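Chemist: predicted model and sequence below, questions to follow.
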Amino acid sequence: MGKRANSMCPRELISRRAFLQLLLKSGGLALIGAALYPVARYLYPPRGTEASVSSVVAAKIGDLATNAAKIFRFGNRPAILVRTPQDELKAFSAVCTHLNCTVQYDPEVSVIWCACHNGKFDLNGQVISGPPPRPLEPYQVNVRGDDIVVSKPT
Ligand code: FES
């Protein structure tokens with residue numbers, strides 16, 4: 001083995017060494033890139049998903065029972081669609097105005113409830129109790145055929 005290395009000319013050894021250094025450097029750069037990419041995505045999230053969505057099909061009309069609710073995605077944020085005990089359809093951002101937990105519907109008492117700190121909203125999105133400082137952001141609801149379409153207010 002040593003004999004083989006000795007049989008190489010100095011030029012071959014230098015090019016092998018240079019090749020190995022290049023390989024190590026490029027591997028190191030790839031490692032640094034792989035480590036920094038998630039940090040960069042966290043610090044600079046992609047734009048456009050939220051802004052480009054103005055309406056979504058939240059559910060099929062037959063999929064939502066009276067006095068029930070469904071969480072759905074509105075852009076990159078959760079939203080809640082409620083079919084009230086009076087058979088009205090209401091939709092709001094499901095992001096609690098206190099510390100951004102996702103709210104849910106409590107059919108026992110017909111309120112929208114945030115489990116994080118027991119915040120409660122009525123079926124108009126207004127704060128009933130708890131720490132939320134503002135009402136839930138309301139959305140418009142329209143039924144088109146079988147689709148329940150939720151839109152941002154104009
Ligand atoms: S985050 Fe909803 S009540 Fe605190």
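Modeler: All right, it came through fine. All values derive from a computational prediction rather than experimental measurement.
Chemist: so which residues on the chain come close to the ligand?
Modeler: 96, 98, 99, 101, 114, 116, 117, 119, 130, 131, 132 (C-beta under 6 Å from any ligand atom). From N, CA and C alone the C-beta is placed, and that goes for glycine too.
Chemist: I'd like to check which residues are in contact with the third one.
Modeler: Applying C-beta atoms under 8 Å, 6 or more residues apart in numbering to residue 99 gives the contacts 116, 117.
Chemist: also the last one?
Modeler: Residue 132 sits next to 96, 97, 98, 114, 119, 121 when contact means C-beta under 8 Å, 6+ apart.
Chemist: the fifth one and residue 96 touch, don't they?
Modeler: Read that as residue 119. Yes. Residue 119 lies in contact with residue 96 (C-beta atoms under 8 Å); the separation is 5.8 Å.
Chemist: ok, back up a step: can you name the two of the contacts of residue 132 that are farthest apart?
Modeler: Maximum pairwise distance in the contacts of residue 132, criterion C-beta to C-beta, is 10.7 Å, between 98 and 121.
Chemist: mutual contacts of those two, please.
Modeler: 114, 132.
Chemist: neighbour count: those two, which is higher?
Modeler: residue 121 (24 against 17; other C-beta atoms under 10 Å).
Chemist: which non-adjacent residue is nearest the more buried one?
Modeler: What sits nearest to residue 121 in space, not counting adjacent residues and going by C-beta to C-beta, 6 or more residues apart in numbering, is residue 112, at 4.2 Å.
Chemist: re the thing from before, give me the buried subset of the residues of the chain next to the ligand.
Modeler: Neighbour-count burial (16 or more other C-beta atoms under 10 Å) applied to these gives 96, 98, 101, 114, 116, 119, 132.
Chemist: which residues touch the fourth one?
Modeler: What that stands for is residue 114. 96, 98, 101, 103, 104, 120, 121, 130, 132.
Chemist: look up the residues forming beta bridges with the closest residue to the first one other than its chain neighbours.
Modeler: What that stands for is residue 96. Among residues not flanking residue 96 along the chain, residue 114 sits closest, at 4.3 Å (C-beta to C-beta, 6+ apart). Going by DSSP bridges, residue 114 is paired in beta bridges with residue 119.
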